[in-house]
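Chemist: one predicted model, sequence on top.
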Amino acid sequence: MMKLHGITNCDTVKKARSWLNEHGQAHDFHDFKKQGVDAAQLAGWIAKLGWEPLVNKQGTTWRKLDPTRQAQVVDAASAIALMLEQPSVIKRPVLEHGDQLTVGFKPDQYARLFAT
């Protein structure tokens with residue numbers, strides 16, 4: 001079963017969930033804020049994508065961080081530490097579909113992924 005990770009009240013996550021539902025794509029939803037995220041999972045994602053795509057430097061959570069804290073995020077280990085401390089900094093949604101992992105939501109990207 002595919003799994004969509006994000007935060008319930010995030011507009012982009014809402015759009016992704018709606019797209020999946022409208023296109024008959026059954027999925028489980030994992031809310032970072034309510035259910036947390038673990039270091040092993042983050043490490044697995046980073047192994048596939050690198051850490052940079054997972055840290056949302058455009059979001060409110062990142063912008064609210066002290067510049068010193070932002071400057072400390074320089075590698076996978078420091079990114080994991082920040083994402084565990086502040087799950088809202090993870091770019092959303094993260095979709096695990098088979099062996100594929102995507103970050104963010106664009107309808108055309110999902111359409112290609114599901115060949116609809």
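Modeler: Noted; the coordinates are in hand. Residues are numbered from 1 along each chain as shown.

Chemist: can you pull out the strands in the chain?
Modeler: 2-6, 27-31, 94-97, 100-103 (DSSP state E).

Chemist: hang on, isn't residue 3 packed against residue 27?
Modeler: Yes. Residue 3 lies in contact with residue 27 (C-beta atoms under 8 Å); the separation is 6.4 Å. The way it works is simple: take the backbone N, C-alpha and C, and place the C-beta from them, glycine included.

Chemist: shared neighbours of these two, anything?
Modeler: residue 95 (C-beta atoms under 8 Å, 6 or more residues apart in numbering).

Chemist: compare those two (neighbour count), which wins?
Modeler: Between residue 3 and residue 27, counted using other C-beta atoms under 10 Å, the more crowded position is residue 27 (16 against 13).

Chemist: residue 4 - how many residues pack around it?
Modeler: Residue 4, neighbours per other C-beta under 10 Å, totals 22.

Chemist: ok, now how distant is whatever residue is furthest in space from the centre of the chain from residue 24?
Modeler: Distance from the C-alpha centroid of the chain peaks at residue 68, with 23.6 Å (C-alpha atoms, centre = their mean). Per C-beta to C-beta, to the nearest Å, residue 68 is found 47 Å from residue 24.

Chemist: low pLDDT regions in the protein?
Modeler: In the predicted model, the chain carries pLDDT under 70 at residues 116.

Chemist: helices along that one, start to end?
Modeler: In the chain, the helices defined using DSSP state H lie at 11-22, 32-35, 39-49, 60-64, 67-71, 76-85, 107-114.
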